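S.K.: sequence first, then the predicted structure:
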Amino acid sequence: MFSIIGIVVVFGAVIAGYLMEHGNIMVLMQPAELIIILGAAIGTVLVANPIHILKKIGKGLGGAFGGPAFTKQRYLESLKMMYELFTRARKEGLMSLESDSDAPDQSPIFSKYPKFLKDHHARDFVCDSLRMAASGGIEPFDADQMMELDMDVHHHEATQPVAALSTMADSLPGLGIVAAVLGVVITMGALGGPPEEIGKKVAAALVGTFLGILLCYGLVGPLASNMAKSADDEHAFYHVLRVMLVALLKGIAPTVAIEIGRRAIPGNVRPTFQEAEAFIKDKSGSAAPQAAGA
């Protein structure tokens with residue numbers, strides 16, 4: 001939502017300032033220049049990236065225009081889910097979690113958290129780690145190293161579309177110059193004609209440079225930065241899951257393991273101890289009053 005507002009502010013401020021100087025808005029309407037710049041930029045992305053990264057770019061752009069995925073509510077639900085798992089493991093043993101990790105859709109615990117089941121990366125991260133823990137024969141340090149490796153691989157994949165989009169943003173000013181040069185070529189071919197016609201062609205050529213710079217710094221670049229922050233937020237979420245799973249393998253009590261996870265949550269979405277405790281103890285599964293709207 002804020003991405004849309006930001007884009008509106010950027011383009012609104014540019015157009016408003018232009019109109020304040022009594023500029024003619026129709027001069028900026030140069031569809032040919034826009035086709036050259038955007039078409040060439042999209043082409044460079046297609047040339048440089050395989051199909052799976054292109055799909056991730058589309059998914060990342062959709063997420064940039066949506067709300068944040070890892071809110072305080074999401075973390076509270078994760079803390080409660082892990083507490084239920086750890087409590088069961090403490091009472092019945094780690095082997096009792098094998099059925100949950102093998103079939104999370106049928107798990108009486110996981111099935112209460114549809115957001116977790118829908119996020120197949122987080123689901124596989126937790127279930128694969130629980131499966132290793134239930135099988136036995138793995139030390140907490142080794143499990144921690146394994147989860148760290150999994151997180152690094154996933155974070156690298158998550159940043160690939162960011163790099164592709166950043167490269168596209170960097171190319172836009174240069175492609176704007178390409179469009180401007182083509183406009184100058186057309187203008188040179190019109191020399192000897194009416195001054196008004198030559199003036200329009202020069203203006204159209206300069207608009208190409210303007211569009212390339214504006215799209216780079218006012219649209220594509222900020223969207224790439226937004227996607228990078230989303231990837232970092234996801235990495236932080238996995239880190240919280242990781243420290244709690246390591247605590248489970250070390251035999252730490254569920255309440256302490258959950259507190260360790262709460263302390264690892266980024267400060268801007270971290271619930272207080274009282275919020276987390278009230279939410280975990282709430283049998284209805286809804287957020288505590290003080291956590292509502294977070």
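M.R.: All right, it came through fine. What you see is a predicted model; the values in this text were computed from it and never measured.
S.K.: phi, psi of residue 266?
M.R.: Note on residue 266: backbone dihedrals following degrees, to the nearest 10 are phi -50, psi 140.
S.K.: please report the distance of residue 195 from residue 180.
M.R.: Taking CB to CB, to the nearest Å as the measure, residue 195 falls 20 Å from residue 180. (Glycine included, C-beta is placed from N, CA and C.)
S.K.: ditto for residue 3
M.R.: When CB to CB is the yardstick, residue 3 and residue 180 sit 29 Å from each other.
S.K.: same question, residue 96
M.R.: Following CB to CB, the distance that separates residue 96 from residue 180 is 68 Å.
S.K.: please identify which of those two sits among more neighbours.
M.R.: Each of residue 96 and residue 180 has its neighbours counted (other CB atoms under 10 Å); residue 180 has more, 23 against 14.
S.K.: which stretches of the stretch 1-150 of the chain have low pLDDT?
M.R.: Residue ranges of the stretch 1-150 of the chain with pLDDT under 70: 1.
S.K.: what's near enough to touch residue 265?
M.R.: When the contact criterion is CB atoms under 8 Å, 6 or more residues apart in numbering, the partners of residue 265 are 75, 236, 240, 271.
S.K.: neighbours around the third one, how many?
M.R.: Yep, that's residue 240 we're talking about. Under the criterion other CB under 10 Å, the count of neighbours that residue 240 has is 22.
S.K.: if we can go back for a sec, out of the contacts of residue 265, which is most surrounded?
M.R.: Highest neighbour count within those, by other CB under 10 Å: residue 75, with 26 neighbours.
S.K.: can you name the farthest residue from the center of this structure?
M.R.: When each C-alpha in the chain is compared with the mean C-alpha position (CA atoms, centre = their mean), residue 192 comes out farthest, at 53.5 Å.
S.K.: what about it, distance to residue 185?
M.R.: With the distance defined as CB to CB, residue 192 ends up 15 Å from residue 185.
S.K.: and for residue 88?
M.R.: When distance is defined by CB to CB, residue 88 is 72 Å away from residue 185.
S.K.: neighbour count: these two, which is higher?
M.R.: residue 88 (17 against 11).
S.K.: from residue 110, how far off is that one?
M.R.: Taking CB to CB as the measure, residue 88 and residue 110 are separated by 12 Å.
S.K.: now do the same contact list for the closest residue to residue 245 other than its chain neighbours.
M.R.: Counting by CB to CB, 6 or more residues apart in numbering, residue 245 lies nearest to residue 129, which is 4.9 Å off, once chain neighbours are set aside. Residue 129 is in contact with 143, 146, 147, 245, counting by CB under 8 Å, 6+ apart.
S.K.: dihedrals phi and psi, residue 129?
M.R.: Listed backbone geometry of residue 129 is phi -70, psi -40, with angles given as degrees, to the nearest 10.
S.K.: also residue 28?
M.R.: The phi/psi pair for residue 28 (degrees, to the nearest 10) reads phi -80, psi -10.
S.K.: how many other residues sit next to it?
M.R.: Other residues within reach of residue 28 by the criterion other CB under 10 Å amount to 18.
S.K.: so residue 175 sits right up against residue 39, yeah?
M.R.: No - look at residue 175 against residue 39 with CB atoms under 8 Å: they stay out of range, at 9.0 Å.
S.K.: distance of residue 173 relative to residue 220?
M.R.: Distance, residue 173 to residue 220, by CB to CB: 11 Å.
S.K.: more neighbours, the two?
M.R.: Set side by side, residue 173 and residue 220 show unequal neighbour counts under other CB under 10 Å, the larger going to residue 220 at 22 against 17.
S.K.: shouldn't the more buried one be in contact with residue 165?
M.R.: Yes - at 6.4 Å, residue 220 and residue 165 qualify as touching, with contact defined as CB under 8 Å.
S.K.: and stretch 23-36, C-alpha only, in PDB?
M.R.: These are the backbone C-alpha positions of stretch 23-36, laid out as PDB (Å, rounded to 0.1, in the frame of the first residue of the first chain):
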ATOM      1  CA  GLY A  23       4.900  23.400 -18.700                       C
ATOM      2  CA  ASN A  24       2.700  21.800 -21.300                       C
ATOM      3  CA  ILE A  25       1.800  18.300 -19.900                       C
ATOM      4  CA  MET A  26       1.200  17.000 -23.500                       C
ATOM      5  CA  VAL A  27       4.800  17.400 -24.300                       C
ATOM      6  CA  LEU A  28       5.600  14.700 -21.800                       C
ATOM      7  CA  MET A  29       3.300  12.300 -23.500                       C
ATOM      8  CA  GLN A  30       5.700  10.500 -25.800                       C
ATOM      9  CA  PRO A  31       4.600   6.900 -26.200                       C
ATOM     10  CA  ALA A  32       7.300   6.100 -28.700                       C
ATOM     11  CA  GLU A  33      10.100   7.100 -26.200                       C
ATOM     12  CA  LEU A  34       8.400   5.100 -23.500                       C
ATOM     13  CA  ILE A  35       8.200   2.000 -25.700                       C
ATOM     14  CA  ILE A  36      11.900   2.300 -26.600                       C
END
